[in-house]
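Peer 1: From the sequence below, what's the structure:
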Amino acid sequence: MNNAISLDYQINRLGFWSVVIAFATGLVSAFLPLDVPGGYTAEHADRVTWLSANRGAFIAAWVNQIAAMLSLSGLFFAIAWKIVGNNPLRAILAAMVVLMSVVAFIIPKFMAVWTLPVLADTIVAGAVGAEMADALLLVLNVSQPFSLYTSFDYLGFWLYSVFALLVAVPLYGQTKTAKISAVSLGIYGVLYQFVLVAFLFGEVAPTDIEVSFGLTILPLLVVMVAMLMNFKAAMTSNA
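Peer 2: Modelled structure (predicted):
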C-alpha cells in the first residue's frame, strides 16, 4: 500500500467511523436531557433549580453533543477529500468552512459543560456573583432560539450549509452513493439559505425558528447513510 492509497484509506476510515459515531451519539441524545423539560416555555427559576439538581445528566448530554458535532465535522472533512481530484480549490474552501463551524459549535457547547452548571449552582447557593450569574444564564439560555447561546449553533449550521453548497456539484457523478449525497447536500444547502432569508425578512416567527431550521437538517441523514456505504466501499477497494 503506497502513501497515497494509505492516506486515502485513512480518510475514508475517518469518514466511516465518524458516521458510526454520529448515529451512536444521536441515539444516546434521546436519553439525555439538553435542558429543563419544556425548555422554551420553562420559567427561569425552574431552569435554575433543574440545572442545579440535574448537573451530571446535563453535562453528559452536552459532552455527547460535542462528540456528535466532531463526528459530523469528521464526515464533512472526509467528503471534502472526495472532491480534491475534481476541484481542489473547493475542497480547501470546504475544509476551511468546516473548521470555522467547529469553532462556532464548540463555544456554546463548552459553555454548556463548563459555564451553565456553575452559574446555576452559584444562583442556588446565593454565592458571590449570584446576580451576575442570573443575568448570564438568561443570556445563555439553551432553548430560546434568539439567545446568544443558540446564535452560535445556528451560525454553525449555516456554515454547514455553505459547506454543502461548495461540495455538492464536484461530489456528484463519482458513484451512486456520491450522487445521492451530493443531491441531499445541495437540498440542505439551498433549504437552509431559503429559511434564513425568510427569517431575516420576518417570515419566520421566533416560536417557529427551531422547527423551521430543524427540518432543513433532515437531508443530512440521507448523506450520512449514503456516505457510510461510500466510505466502506472505498476502504474495501484500497485494502
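Peer 1: where along this structure do the helices fall?
Peer 2: 3-29, 44-53, 55-82, 88-125, 130-139, 148-171, 176-200, 209-216, 219-238 (DSSP state H).
Peer 1: burial measure for Pro145, as a count.
Peer 2: 22 (other CB atoms under 10 Å). In short, each C-beta sits where N, CA and C put it, glycine included.
Peer 1: OK, contacts around it?
Peer 2: Going by CB atoms under 8 Å, 6 or more residues apart in numbering, Pro145 touches 40, 154, 206, 209-210.
Peer 1: just Pro37 next, same as before
Peer 2: Pro37 makes contact with Trp50 under the criterion CB under 8 Å, 6+ apart.
Peer 1: Please identify which two of the contacts of Pro145 are farthest apart in space.
Peer 2: Greatest spatial distance among these (CB to CB): Tyr40 and Tyr154, at 15.0 Å.
Peer 1: Compare these two and say which is more crowded by neighbours.
Peer 2: In terms of neighbours (other CB under 10 Å), Tyr154 is the more surrounded of Tyr40 and Tyr154; the figures are 18 against 14.
Peer 1: Surely the more buried one touches Phe213?
Peer 2: Yes. Counting by CB atoms under 8 Å, Tyr154 does reach Phe213; the two are 6.6 Å apart.
Peer 1: so where's the protein shaky on pLDDT?
Peer 2: Across the chain, the ranges flagged by pLDDT under 70 are 1-5, 174, 238-239.
Peer 1: hmm, who's touching stretch 194-209?
Peer 2: Outside stretch 194-209, the residues that touch it by CB under 8 Å, 6+ apart are 40, 145-146, 158, 212-213, 216.
Peer 1: Show me which of those residues is closest to Val183.
Peer 2: When the contacts of stretch 194-209 are ranked by distance to Val183 (CB to CB), Thr216 comes first, at 14.8 Å.
Peer 1: Just list the residues touching the most centrally placed residue in the chain, thanks.
Peer 2: The centre of the chain sits closest to Met69, judged by CA atoms, centre = their mean, with a distance of 4.5 Å. By CB under 8 Å, 6+ apart, the residues touching Met69 are 102, 105-106, 109, 156.
Peer 1: State the number of residues packed around Trp114.
Peer 2: The criterion is other CB under 10 Å. On that basis, Trp114 has 12 neighbouring residues.
Peer 1: just the one 10 residues further on next, same as before
Peer 2: Other residues within reach of Val124, judged by other CB under 10 Å, total 15.
Peer 1: from memory it sits against Ala45, does it?
Peer 2: No. Between Val124 and Ala45 there is no contact under CB under 8 Å: 10.2 Å.
Peer 1: these two touch, right, Leu119 and Val139?
Peer 2: No. Using CB under 8 Å, Leu119 is not in contact with Val139, being 10.1 Å away.
Peer 1: quick one, which of those two is more surrounded?
Peer 2: Using other CB under 10 Å as the criterion, Leu119 and Val139 rank with Leu119 on top: 24 against 10.
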